[in-house]
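Peer 1: Sequence first, then the predicted structure, then my questions.
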Amino acid sequence: MPETPFETARGLVAAYRAQRTRPSEAVEAALAQVERHEPRVRAFLHLDAERARTEAAAWDRRYAAGEDTPPLAGVPVALKDNLCTRGAPTTCGSRILEGWRPPYDATVVARLRTAGAILLGKTNLDEFAMGSSTENSAFGPTRNPWDLSRVPGGSSGGSAAAVAAGFVPLALGSDTGGSIRLPAGFCGVVGLKPTYGRVSRYGLVAFASSLDQIGPLARDVEDCALLLDAIAGPDPLDTTSARVPPPQARAALGAAPRGLRVGVVTDAFGAGVAPGVAAAIREALRTLEGLGLAIEEVALPTLEAALPAYYLLAPAEASANLARYDGMRYGLRAAGADLVDTYRQTRRRGFGPEVKRRIMLGTYALSAGYYDAYYLRAQKVRTLVARDFERAFARADVVVMPVAPTPAFAIGERAADPLQMYLADVFTIPVNLAGLPGLALPCGFDGGLPVGLQLIGRPFDEATLLRVGHAYQQATDWHRRRPPVA
Ligand code: GLN
């Protein structure tokens, strides 16, 4: 296996501070890794090598002078391409935004710059984050570094593949129904969907605003906590950002989780879960038990209703959010005979099939005659899902499910069947509906492909999830396995 340019972000910062290496060397190593493997993996939509080199040289000088440096100074980070970056392309994987350069940075991007991160590039995604495989990108699919014939998961597939392939130690994704956790699980890396409101959504291109959250992807839980600390906390620019103090997640990792109660969702081991996935999760539970955690059984009776409810609510919100792409304000304009025809041509040419399907489903669900039957009922299901979790958290501090029923599927296998594609999200979607934090981390393999363990927490209790995940990683080495491409 070829040598990886770096292990963790914190290891890199420690090495800079001890003057064992320099940010320029790390950036060159990252770019060399990209050059070797990117032609096959295709994690990036846009790379900014020149800017990365310039910024790295500036950090080189500050480390050499022994200056105080911020926590991520000189660490290469990749960003999902639905996060606005001032002056740099932001496509959302869509033709309709091709050529658009936002005039501002998303809050998370601004915070990463303040923390000293070097933003290496923008990563591939399903168009407008709609999908579970990254095959819905208008710019072609990303491939899973563990097996190039498989999908990396989606929609943040580019970010997960970039971390798994050793292009960067850290990346940001967004998660509306599983889009951080699913690709983390499929690519054998760590991904966290924070509590709704924990991280500012300002500058995240909206998909379904009541569900969308930005979160970190990393190689291990400690790096994931480091990145969460850099981006989390209240933001006056986002009215849904919660006024709660930042999590100080990394500092919380020290406390051993002994005595905490783990609730296993028994409903999540039914038909449809691959035997190899179930076996890996059971083994992880034995490990947690060995660490002194108590295992309880909990029920989520609405688990199966969550998926259909989500596929009404998310498209409903998307149909409203995507109305702004009219050929006037952003990117693509396909001129038509008159104004309405220009809207029509722009949207016809600019959006791909999945986005069009969602706009139609969402518009239908919100239409006057069907609102009560679909949208309103789905909202009621959403409330029931949240109550199920509340009951579970009366018995448990952390709830466990698989990330997905199966490991990564083959490219093309589900592309023609949207319902099959949607099923990949059955265990991640309930967490978004309830607004809870969810952590995905590697817990084994099935047929040579990574299996993801999902830990779900109480609102704003990312710290407990990360503590349990960190203790698990101290006791296991799944997170140290590297794919053939890395
Ligand atoms: N796969 C889900 C969807 O297609 C979730 C996507 C996401 O979390 N952005 O809507």
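Peer 2: Perfect, I can see it now. Numbers count the residues shown, from 1 in each chain.

Peer 1: ok, which stretches of the stretch 301-450 of the chain are strands?
Peer 2: Listed in chain order, the strands of the stretch 301-450 of the chain (DSSP state E, counting those that start in this stretch) span 398-402, 438-446, 449-456.

Peer 1: Out of those strands, which gets nearest to the ligand?
Peer 2: strand 438-446 (11.1 Å; C-beta to the nearest ligand atom). (Glycine included, C-beta is placed from N, CA and C.)

Peer 1: wait, does the closest one contact the ligand?
Peer 2: No: using C-beta under 6 Å from any ligand atom, strand 438-446 stays clear of the ligand, coming no nearer than 11.1 Å.

Peer 1: Given that strand, what are its sheet partners and their directions?
Peer 2: strand 190-193 (antiparallel), strand 449-456 (antiparallel) (DSSP bridges).

Peer 1: okay, the angle between the last one and strand 398-402?
Peer 2: For strand 449-456 against strand 398-402, the angle by axes from the mean of the first three to the mean of the last three C-alpha atoms, to 10 degrees is 150 degrees.

Peer 1: just the CA coordinates of strand 449-456, formatted as PDB?
Peer 2: Output of strand 449-456 as PDB, limited to C-alpha atoms (Å, rounded to 0.1, in the frame of the first residue of the first chain):
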ATOM      1  CA  LEU A 449     -16.300  -2.900   2.100                       C
ATOM      2  CA  PRO A 450     -16.600  -0.700   5.100                       C
ATOM      3  CA  VAL A 451     -19.600  -1.000   7.500                       C
ATOM      4  CA  GLY A 452     -20.700   2.100   9.400                       C
ATOM      5  CA  LEU A 453     -21.900   2.200  13.000                       C
ATOM      6  CA  GLN A 454     -24.400   5.100  13.800                       C
ATOM      7  CA  LEU A 455     -24.600   6.700  17.200                       C
ATOM      8  CA  ILE A 456     -27.500   9.000  17.800                       C
END
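
Peer 1: Show me what from the stretch 101-250 of the chain comes close to the ligand.
Peer 2: 129-132, 155, 175-179, 207.

Peer 1: quick one: which of these sit in helices?
Peer 2: Among those, none falls in helices (DSSP state H).

Peer 1: OK, now which residue of the stretch 251-400 of the chain is nearest to the ligand?
Peer 2: Here the stretch 251-400 of the chain gets closest to the ligand at one residue, Ala314, 5.2 Å apart by C-beta to the nearest ligand atom.

Peer 1: Tell me how many other residues surround that residue.
Peer 2: Neighbour count for Ala314, taken as other C-beta atoms under 10 Å: 27.

Peer 1: list the contacts for it?
Peer 2: Applying C-beta atoms under 8 Å, 6 or more residues apart in numbering to Ala314 gives the contacts 176-177, 207-208, 211, 358, 362.

Peer 1: which of those residues tops the neighbour count?
Peer 2: Greatest neighbour count in those, by other C-beta under 10 Å, goes to Gly177: 31 neighbours.

Peer 1: From Gln454, how far off is the closest residue to that one other than its chain neighbours?
Peer 2: For Gly177, ignoring the flanking residues on the chain, the nearest one in space by C-beta to C-beta, 6 or more residues apart in numbering is Ile429 at 4.5 Å. Noted for Ile429: a distance of 12 Å to Gln454, by C-beta to C-beta, to the nearest Å.

Peer 1: between those two, who's got more neighbours?
Peer 2: A direct count of neighbours by other C-beta under 10 Å for Ile429 and Gln454 places Gln454 higher, at 29 against 25.

Peer 1: Excluding covalently adjacent residues, which one is nearest to Thr114?
Peer 2: Pro70 (6.6 Å).

Peer 1: if I look at that neighbour, how far off is the ligand?
Peer 2: 30 Å (C-beta to the nearest ligand atom, to the nearest Å).

Peer 1: who touches Leu366 in this structure?
Peer 2: 316, 319-320, 375.

Peer 1: I'd guessed Thr464 sits against Val398; true?
Peer 2: Yes: the pair Thr464 / Val398 is scored as a contact, 6.2 Å apart, by C-beta atoms under 8 Å.
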